[in-house]
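Engineer: how does the following fold in three dimensions:
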Amino acid sequence: MDMKSIDCIHLGTERKSWSSCLCSIIPATALLCIIYFIGSSYVAPENKEKAFTWGVADIWQSSKVENCKNQCRPPGSEQLPEGIITNTSNLQMRSLWGFPKKDKTSTSLFAVAVGIKQKDLVHKMVKKFLSSGFVVMLFHYDGIVDEWKDFEWIDQVIHVSAHNQTKWWFAKRFLHPDIVSEYSYIFLWDEDLGVEDFHPKKYVSIVEREGLEISQPALDPAKSEVHHQITARGRKSIVHRRTFKHGANGKGCDDHSKAPPCTGWIEMMAPVFSRAAWRCVWYMIQNDLIHAWGLDMQLGYCAQGDRTKNIGVVDAEYIVHYNRPTLGGTAEKNHSTVEGRQGNKKSSHSHWKDPRVEVRRQSYIELDIFRKRWEKAVKKDKCWVDPYQ
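Structural biologist: This next block holds a predicted model:
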């Protein structure tokens, strides 16, 4: 082993980064000097200084280009100077003149899919969240906006209207993570909820203290339609993260359960996501599966760590679930015409289609599609490691 090798190895053991610089800079500098001195004998004296300057400039320029290649730029912004690029936005409404006070900037977002039939419940929710300093966004799934003008808060909230669309359809299209990145928490609720005993600011303080990345307020079991035991309010706790249920063949829930729906799970009627969790969840929402069935079982992958600790139900701040399904509208009468057996006579008949039945059927279809997509994605991605396997 020659002396140059020994020098580099010695420096590498003592000062790894400094060695790397020395081992690359010294040979390059030496090479430049050799070229300069050899070239000097063939270059006129008046051109020597220019030649050296050009050489240094070329090296500096190539180094600059190499460094710029390593910069992470949003696609499409490469032609702009870095300091002018704005990656994110928010939902804060702005005055036509002047600037808002910084202390009035909202730190959380409340978004809810609404129909005019539930305006009594929605009115109470909007008032409570606005008074708590939230940005409020209403997704009008029935296309009706003007009939909300009777409320004093009409101009304080953001309205988005699209007929017969679900809150997940709206969320995928209007709550991109870069748009809501300024909000610490995103509340994405259904409309049929009672908030008389709910306090948004207290809720946020609890989830921050408990380290909950994904959560929901508990349901008052005396007044609510409770579909899953884990969502029912516990009177002796501030937060609970699991449920207990007897079941045969290991299908029950106990202290040793580590998977949904026993732990690491919430219902999708009133989810609350941290900024980081929502960025992950948004990517998991499928653009064409508007009911988002199956998403609840995979939320743990977006919990920013242990799903048994970072997902929970808040008992201290609870709501009422009235279970008023309205999405889908009224029953529709479908007409169909069939050709008779004799001649060209045609008989016409009609039948009623229940939209709620059709919505539920579609939800099950989407659930099956989502599960298959998940399984296919897991098999295809050889670099992905399942943290729960």
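Engineer: ramachandran angles for Met269?
Structural biologist: phi -80, psi -30 (degrees, to the nearest 10).
Engineer: for Pro74, give me the pLDDT.
Structural biologist: pLDDT recorded at Pro74 is 84.
Engineer: am I right that it is in a helix?
Structural biologist: No - if the criterion is DSSP: H, G, I helix; E, B strand; the rest coil, then Pro74 is coil and not within a helix.
Engineer: distance of it relative to His123?
Structural biologist: Relative to His123, Pro74 is positioned 40 Å away (CB to CB, to the nearest Å). C-beta here means a position set from N, CA and C on the backbone, and glycine is covered the same way.
Engineer: one more: Ile154?
Structural biologist: For Ile154, the distance to His123 - CB to CB - is 11 Å.
Engineer: ok, now Arg235?
Structural biologist: On the measure of CB to CB, Arg235 and His123 end up 29 Å apart.
Engineer: who has more neighbours out of Pro74 and His123?
Structural biologist: His123 (16 against 11; other CB atoms under 10 Å).
Engineer: which SSE is that one in?
Structural biologist: helix 119-131 (DSSP states H and E).
Engineer: and the following helix or strand past that helix, which strands flank it?
Structural biologist: Toward the C-terminus, helix 119-131 is succeeded by strand 135-140 as the next helix or strand (DSSP H and E). If you go by DSSP bridges, strand 135-140 pairs up with strand 108-114 (parallel), strand 158-161 (parallel).
Engineer: so which of these comes closest to Gly252?
Structural biologist: With CB to CB as the criterion, Gly252 lies closest to strand 108-114 of those, at 34.3 Å.
Engineer: let me know the angle separating the closest one from helix 119-131.
Structural biologist: 170 degrees (axes from the mean of the first three to the mean of the last three CA atoms, to 10 degrees).
Engineer: could you tell me how many residues sit around Asp381?
Structural biologist: By other CB under 10 Å, neighbour count at Asp381 equals 9.
Engineer: please report how far it lies from Arg371.
Structural biologist: On the measure of CB to CB, Asp381 and Arg371 end up 16 Å apart.
Engineer: so which strand or helix has Phe273?
Structural biologist: Judged by DSSP H and E, Phe273 forms part of strand 272-274.
Engineer: what's the next secondary structure element after that strand?
Structural biologist: Counting by DSSP H and E, the next helix or strand C-terminal to strand 272-274 is helix 275-284.
Engineer: which residues of the stretch 1-150 of the chain fall in helices?
Structural biologist: 3-14, 16-40, 45-69, 119-131 (DSSP state H, counting those that start in this stretch).
Engineer: next one: the stretch 201-350 of the chain
Structural biologist: 275-284, 307-310.
Engineer: closest to Asp354 out of these?
Structural biologist: That would be, of those and by CB to CB, helix 275-284, which comes in at 30.5 Å.
Engineer: which helices and strands does the closest one pack with?
Structural biologist: For helix 275-284, the contact count by 3 or more CB pairs under 8 Å, 6 or more residues apart in numbering; DSSP states H and E identifies strand 185-189 as packing neighbours.
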